[in-house]
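**Q** need the 3D shape of this:
(4 chains)
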2 protein chains.
Amino acid sequence: MKDCSRYDLETLPAGDCEEARAARIYAALGHGVRLRILRHLMQQDACCCKEIVSTVDLAQSTVSQHLKVLVQAGLVDYRPERQSSRYSVNAHALATIRTHLSGLEHFAAERNRSASHKCG
Amino acid sequence: MKDCSRYDLETLPAGDCEEARAARIYAALGHGVRLRILRHLMQQDACCCKEIVSTVDLAQSTVSQHLKVLVQAGLVDYRPERQSSRYSVNAHALATIRTHLSGLEHFAAERNRSASHKCG
DNA sequence: ATCGTATATCGCCGATTTACGATGAAAGAT
DNA sequence: ATCTTTCATCGTAAATCGGCGATATACGAT
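**A** Numbers count the residues shown, from 1 in each chain, chains lettered A, B, ... in the order given. All right, here's what the predicted structure looks like:
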């Protein structure tokens, strides 16, 4: 349990483990290169690091790190193969974050019930 | 034109201005505190900095910076009021990013047409 | 056993982020 | 005119990020 405590959880008030997880996924998506990697991964079903390196014009070590970020966020699955490795998109994580986003927007819809809020 | 070039665009291949914009929004969402701020903002329609400070247990200057990040990403609208200020969620940006996310997932759906890909 | 390939990891760096307190500006209150 | 409140900005310290080259590991081929 509390698996996502590995990422410190900052000073989250209580049971917002899920929120921290969402933040982590958003953060992983928050880089142009990683978005491109993700998009490429989706086209290819599963592919190795080298191919991604050829797609993105960056050093192999850099790509490897980006992949690590994606894997740790749960957006990408990793399976060490013979001598290459297989990276593939985790559609579930993507669905999770879409749900989270929808939830956020739904929040706004509910807001309409309560009127404006005084402040200051 | 090329308004989002203000964020360097890294080495994006061509006309992925939109992608960079999406990345920026994701990055803004990629922090637990900002997610909480955003959620609070949605409940309140619009509110001032001070109130958010009381919600999140952080220094006022820190909160102000987080709000700035959200504003620069376009997720939050800013309107200086009398002596306080009004921050409110930009629902349009939220919809934009949801569309982007859906597009990403749609990509995966299309993938089913082409078979597996050899690599290495 | 040795070489070549594909990866992950390490060490390093410059840049950015995240936090804070302090300061100053603007506006309401006394 | 003088507080007080609200807020943005500046300066700073610590941490993290994003990139690289170098190195270590694993494995297939020779």
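
**Q** count of neighbours near residue A:20?
**A** Residue A:20 has 20 neighbouring residues, counting by other Cβ atoms under 10 Å in any protein chain shown. Backbone N, C-alpha and C define where each C-beta goes, glycine included.

**Q** which strands and helices lie in contact with the helix or strand where it lies?
**A** Taking DSSP states H and E as the criterion, residue A:20 maps to helix A:17-29. In terms of contacts (3 or more Cβ pairs under 8 Å, 6 or more residues apart in numbering or on different chains; DSSP states H and E), helix A:17-29 is packed against helix A:32-44, helix A:60-73, helix A:91-111, helix B:17-29, helix B:32-44.

**Q** could you rerun that using 10 Å?
**A** helix A:32-44, helix A:60-73, helix A:91-111, helix B:17-29, helix B:32-44, helix B:91-111 (3 or more Cβ pairs under 10 Å, 6 or more residues apart in numbering or on different chains; DSSP states H and E).

**Q** where does pLDDT dip in chain A?
**A** Applying pLDDT under 70 to chain A picks out residues A:1-16, A:107-120.

**Q** spell out which parts of it neighbour DNA strand D.
**A** Contact residues (Cβ under 7 Å from any atom of the strand) of chain A with DNA strand D: A:8, A:27, A:30-31, A:33, A:58-62, A:65-66, A:69, A:82-83, A:119-120.

**Q** hmm, back to that, let's have the helices and strands packed on helix A:17-29 in a markdown table, adding distance to residue A:52.
**A** Formatted as a markdown table, these follow (distance: least, Cβ to Cβ, whole Å):
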| stretch | distance to residue A:52 |
| --- | --- |
| helix A:32-44 | 6 |
| helix A:60-73 | 5 |
| helix A:91-111 | 18 |
| helix B:17-29 | 16 |
| helix B:32-44 | 29 |
| helix B:91-111 | 16 |
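
**Q** can you put the ones you listed in JSON lines and add distance to DNA strand C?
**A** Below are those laid out as JSON lines (distance: least, Cβ to the nearest atom of the strand, whole Å):
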{"stretch": "helix A:32-44", "distance to DNA strand C": "12"}
{"stretch": "helix A:60-73", "distance to DNA strand C": "3"}
{"stretch": "helix A:91-111", "distance to DNA strand C": "18"}
{"stretch": "helix B:17-29", "distance to DNA strand C": "7"}
{"stretch": "helix B:32-44", "distance to DNA strand C": "5"}
{"stretch": "helix B:91-111", "distance to DNA strand C": "17"}
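
**Q** to residue A:19, which of those helices lies closest?
**A** helix B:32-44 (5.8 Å; Cβ to Cβ).

**Q** for the closest one, which residues meet the burial criterion?
**A** B:32-42, B:44 (16 or more other Cβ atoms under 10 Å in any protein chain shown).

**Q** now swap in stretch A:62-75 and tell me
**A** Those would be A:63, A:66-67, A:69-70, A:73-75, for stretch A:62-75 by 16+ other Cβ under 10 Å.
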